[in-house]
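Q: when you get a sec, could you give me coordinates for this:
(one chain, ligands or ions: 1)
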Amino acid sequence: MESSNQAEVQNSLEAGLPTWESLVNNYLLVSEARAHIEALQRLKSPKIVKQLRPLMTGLFTLFSGAIRRPNLPDLVNTHWNELVDLASEQVVRNIHHANSNSLTTGMNSSSILNHKFNQLPCSQKNLLERADLIAEYIGCDAPVLLLGDDDLLSLELAKRGFKNVTVVDIDPTIIQRIQHIAAQHDFPIRAKVHDLQMPPSADLIQNYGLIFMDPPCTVAGLKLFVGSALTFCSALRTTKFIACTHSMSLLQPGIEEFRNYLSSVGLRVTAYKPEFAVYPIGKEVRFFLGALRFTLNVLLMRHKIKLARQTVPRFFVSDAVLMQHK
Ligand SMILES: C[S@@+](CC[C@H](N)C(=O)[O-])C[C@H]1O[C@@H](n2cnc3c(N)ncnc32)[C@H](O)[C@@H]1O
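A: Here you go, the predicted structure:
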């Protein structure tokens, strides 16, 4: 098991966002997945790229709605090798997280999930780890703000004795569900419908001990959530921030853009936790990825490449960034 290895590599770096090279090197260290990774890495060969890229662009154009990345067809054309790296990293991470993370939490029925708002609840195990991480950083009396809560983390925090939990979400269904359960258990949770694109009302601005967020894994999504988090803080600038995100999904230029953004808004990264966030992948997306593997295997037969069943991920495994004011 190489997770501890990865953590060591990360700890030896100065706290900050990892570089693309360190992300790639981390997954290459993992021996259990070597055969699968080698098969995937062969997709970088120019001959194979030439054969596959037009077809992949077409397929991703058809299915980009289902996987909620409308820019995916463009990415296939411009960032092929990085996408192969991203797929390889997820294979490695899935091997680490197999079995222990299958139960989803939060708004977990796909009929309730609102894809328009990028909802993708984390696993039950990860929900508890999220609450543990928050408890490491602040005491139960400190005010906590959750920006978006399809995981229902606010309820878990209140269950553990957090006395001052505020949650905002754009989706009224989530807010009503939290309010309903909080009322049943007499949990001290303030839950409000709020779009992070708008400034917060005055009553929501206070000196939070910690603000937790799970933005869409794009630079635009991160900027929206982190930028908005700053508007909820009082002038004291003592708030800590945790953002779940996935560095590799930002691709190489996106990591640099996010690094520069944090510096421009006066935040510094105090810790980076690779493989922190785990989300069971929905049935529809898994079906698409399975069909993609089948198609690729047919096309790759003449190159004697076979992608194993393990190359279809069951989880999306992302990271967490901890930040403070400079
Ligand atoms: C963004 S989603 C999780 C995204 C996931 N990490 C991913 O990579 O796709 C987390 C929560 O944020 C909420 N949310 C999304 N956009 C929002 C907005 N503009 N304002 C407030 N909440 C928002 C969603 O309803 C959901 O409950």
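Q: now do the same contact list for residue 122.
A: By Cβ atoms under 8 Å, 6 or more residues apart in numbering, the residues touching residue 122 are 104-106, 130, 151, 214, 244, 277-279. Where C-beta positions appear, they are placed from N, C-alpha and C, glycine not excepted.
Q: could you redo the last one with a cut-off of 6 Å?
A: With contact set as Cβ atoms under 6 Å, 6 or more residues apart in numbering, residue 122 has these partners: 151, 277, 279.
Q: same question, residue 61
A: residue 73.
Q: same check on the one 10 residues further on?
A: By Cβ under 6 Å, 6+ apart, no residues touch residue 71.
Q: any idea of the pLDDT on it?
A: pLDDT, residue 71: 76.
Q: what's the distance between it and residue 251?
A: Applying Cβ to Cβ, to the nearest Å, the value for residue 71 to residue 251 is 10 Å.
Q: now do residue 244
A: The gap separating residue 244 from residue 251 is 18 Å, by Cβ to Cβ.
Q: got the phi/psi numbers for the closest residue to the ligand within the chain?
A: Nearest residue of the chain to the ligand: residue 148, at 2.3 Å (Cβ to the nearest ligand atom). Main-chain dihedrals, residue 148, degrees, to the nearest 10: phi 90, psi 140.
Q: same check on residue 241?
A: Per degrees, to the nearest 10, the backbone of residue 241 is at phi -130, psi 140.
Q: mind listing the residues bridging to the residue nearest to it when sequence neighbours are not counted?
A: Closest residue in space to residue 241, ignoring its immediate chain neighbours: residue 323 at 4.3 Å, by Cβ to Cβ, 6 or more residues apart in numbering. When assigned by DSSP bridges, residue 323 has beta-bridge partners residue 241, residue 269.
Q: what's around residue 323, how many residues?
A: 22 (other Cβ atoms under 10 Å).
Q: tell me the contacts of it?
A: Residues in contact with residue 323, defined by Cβ under 6 Å, 6+ apart, are 241, 267, 269.
Q: and the residue of the chain closest to the ligand, how many neighbours does it have?
A: By other Cβ under 10 Å, the residues close to residue 148 number 23.
Q: now do the phi/psi pair for the residue nearest to it when sequence neighbours are not counted.
A: For residue 148, ignoring the flanking residues on the chain, the nearest one in space by Cβ to Cβ, 6+ apart is residue 169 at 5.2 Å. Here is the backbone geometry of residue 169 (degrees, to the nearest 10): phi -150, psi 150.
Q: find me the pLDDT at residue 169, would you?
A: Residue 169 carries a pLDDT value of 98.
Q: now the closest residue to residue 265 other than its chain neighbours: which helix or strand?
A: Nearest residue to residue 265, sequence neighbours excluded (Cβ to Cβ, 6+ apart): residue 230, at 6.2 Å. Secondary-structure assignment from DSSP states H and E places residue 230 in helix 219-231.
Q: which positions in that helix come out as buried?
A: 219, 221-226, 228-229 (16 or more other Cβ atoms under 10 Å).
Q: who touches that helix?
A: 147, 196, 199-200, 211, 213, 215, 241, 245, 250, 254, 257-258, 261.
Q: phi, psi of the residue of the chain most remote from its centre?
A: The outermost residue of the chain relative to its centre, with distances by Cα atoms, centre = their mean, is residue 302 at 36.0 Å. The phi/psi pair for residue 302 (degrees, to the nearest 10) reads phi -70, psi -10.
Q: please begin residue numbering at 52 from this point
A: Sure, I'll start numbering at 52, so the last one becomes residue 353.
Q: returning to what we had before: from residue 318, how far off is the residue nearest to residue 199?
A: In terms of Cβ to Cβ, residue 220 sits 23 Å off from residue 318.
Q: so between these two, which is more surrounded?
A: A direct count of neighbours by other Cβ under 10 Å for residue 220 and residue 318 places residue 220 higher, at 26 against 19.
Q: was I right about that one contacting residue 228?
A: No: Residue 220 is not in contact with residue 228 according to Cβ atoms under 6 Å; the separation is 9.8 Å.
Q: ok, back up a step: can you list the buried residues of helix 270-282 in JSON lines and add pLDDT and distance to residue 214?
A: Output for these, formatted as JSON lines (pLDDT from 0 to 100; distance: Cβ to Cβ, whole Å):
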{"residue": "270", "pLDDT": "95", "distance to residue 214": "35"}
{"residue": "272", "pLDDT": "95", "distance to residue 214": "30"}
{"residue": "273", "pLDDT": "97", "distance to residue 214": "30"}
{"residue": "274", "pLDDT": "98", "distance to residue 214": "31"}
{"residue": "275", "pLDDT": "98", "distance to residue 214": "29"}
{"residue": "276", "pLDDT": "98", "distance to residue 214": "25"}
{"residue": "277", "pLDDT": "98", "distance to residue 214": "26"}
{"residue": "279", "pLDDT": "98", "distance to residue 214": "24"}
{"residue": "280", "pLDDT": "98", "distance to residue 214": "21"}
